[in-house]
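K.L.:
could you work out the structure for the sequence below:
(2 chains)
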Amino acid sequence: MSADHDHEHHDEYRPSEISLRVKAIESLLVEKKLLDPVAVDKLVDAYENKIGPHNGARVVAKAWADPEYKKRLLGDGTKAIQELGYSGIQGEDMVVVENTHDVHNMVVCTLCSCYPWPTLGLPPNWYKAPPYRSRAVIDPRGVLKEFGVELPKEVEVRVWDSNAELRYLVLPERPAGAEGLSEDELANLVTRDSMIGVGLPKTPN
Amino acid sequence: MNGIHDCGGRHGYGPIDIDREQPIFHADWERRMFGMFILAFGGGHFNIDQFRSTIEQMRPAEYLESTYYEHWLHALETLCVENGTLTRKELDDRLAALSKGTH
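P.N.:
Residues are numbered from 1 along each chain as shown, chains lettered A, B, ... in the order given. Next comes the predicted model:
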């Protein structure tokens, strides 16, 4: 067979032997009526097309626009995020940490890849890989630099290590010049990286 | 458990591969793996602690050399065999048949 040379997409994402192993287990589970392949399609579609950082951006935009909501969000993140309809697996216990003039927060999962799915979707590759996981906790400023973020020395950097139950979302500081924008306009300024804490929100034109 | 997965503070893993345009899934098998796993998890066939513990017991070299969804595949295969849902032989036979194109 040609499996050794027959790569899907990119070498890093493995030769077809892996895809055959996946096919093997899926076909067996389907035959035993333990798995509905259509349900797999639906889940994949949800995480590929519906659930993503645009959800988290709504949360941040609302917190920027509505001080009462922001208070609720920082007080009980899970509940306040649920108000906007975002809940479910890997977001059962949410803590929102606020960036200010003096404090910058960033989030990592050193042990695994724990990430707030309902608000950010599935994590990017770098979040799941050892270089970020190893260094975020000993050299956060160096890591931020790799992402193109340089913070003034006086700013305190806090790194939050997620775990299997508890997930963090960074509430970035509202950029200057965003006063008076609608929630939709504000949401457009919020990037995924700014909610992980490895980026800053966009500035309004 | 202080295994290879416990990355925090280790040196030598190199630069962060920041690819801002990367897709959510890189191949169709990653899609199938993701969906299958979440359904098995949601169906109560195992819990998140069993899942993580299985991955944390991977051989260290294998853990580092394989990608994220390969860890999931390892966990799903291992847990299905451990809880009696499938046997290793069923998996091996099916893989062999698929490789030969006879299934």
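
K.L.:
what does the average pLDDT come to for the host helix or strand of residue A:158?
P.N.:
Using DSSP states H and E, residue A:158 maps to strand A:156-161. For strand A:156-161, mean pLDDT is 97.

K.L.:
tell me what angle whatever helix or strand comes next after it forms with strand A:156-161.
P.N.:
Helices and strands here follow DSSP H and E; after strand A:156-161, the next one along the chain is strand A:166-171. For strand A:166-171 against strand A:156-161, the angle by axes from the mean of the first three to the mean of the last three C-alpha atoms, to 10 degrees is 150 degrees.

K.L.:
note down every partner strand of strand A:166-171 and its orientation.
P.N.:
Applying DSSP bridges to the sheet, strand A:166-171 is found paired with strand A:93-98 (parallel).

K.L.:
quick one: the helices in the chain?
P.N.:
Defaulting to chain A. Along chain A, the stretches classed as helices by DSSP state H are A:16-31, A:37-45, A:53-65, A:67-75, A:77-83, A:117-120, A:125-128, A:130-135, A:140-146, A:183-187, A:192-196.

K.L.:
wrong chain, I was asking about chain B
P.N.:
B:28-42, B:48-56, B:60-65, B:68-82, B:88-100.

K.L.:
and these as a markdown table, adding mean neighbour count, mean pLDDT and distance to chain A?
P.N.:
(C-beta placed from N, C-alpha, C; glycine too.) Listed next are those as a markdown table, based on neighbours: other C-beta atoms under 10 Å in any protein chain shown; pLDDT from 0 to 100; distance: least, C-beta to the nearest C-beta, whole Å:
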| stretch | mean neighbour count | mean pLDDT | distance to chain A |
| --- | --- | --- | --- |
| helix B:28-42 | 21 | 91 | 3 |
| helix B:48-56 | 17 | 87 | 5 |
| helix B:60-65 | 12 | 88 | 7 |
| helix B:68-82 | 21 | 93 | 5 |
| helix B:88-100 | 15 | 94 | 4 |
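
K.L.:
relative to residue A:74, which of the ones you listed is closest?
P.N.:
helix B:48-56 (26.5 Å; C-beta to C-beta).

K.L.:
ok, back up a step: what's the strand holding residue A:158 in contact with?
P.N.:
A:95, A:97, A:102-111, A:136-137, A:140-141, A:144, A:151, A:168, B:8 (C-beta atoms under 8 Å, 6 or more residues apart in numbering or on different chains).

K.L.:
where are the low-confidence patches of chain A?
P.N.:
For chain A, residues meeting the criterion pLDDT under 70 lie at A:1-15.

K.L.:
how is it divided into domains?
P.N.:
Per automatic domain parsing, the domain ranges recorded for chain A read A:12-49, A:52-196.

K.L.:
and the ones you listed as JSON lines, adding mean neighbour count?
P.N.:
Below are the domains of chain A laid out as JSON lines (neighbours: other C-beta atoms under 10 Å in any protein chain shown):
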{"stretch": "domain A:12-49", "mean neighbour count": "17"}
{"stretch": "domain A:52-196", "mean neighbour count": "18"}
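
K.L.:
figure out which of the ones you listed is closest to residue B:101.
P.N.:
Set against residue B:101 and scored by C-beta to C-beta, those come closest in domain A:12-49, at 10.4 Å.

K.L.:
quick check, that closest one touching chain B?
P.N.:
Yes: using C-beta under 8 Å from any C-beta of the partner chain, domain A:12-49 comes into contact with chain B via A:12-14, A:17-29, A:32, A:34-36, A:39-44, A:47-48.
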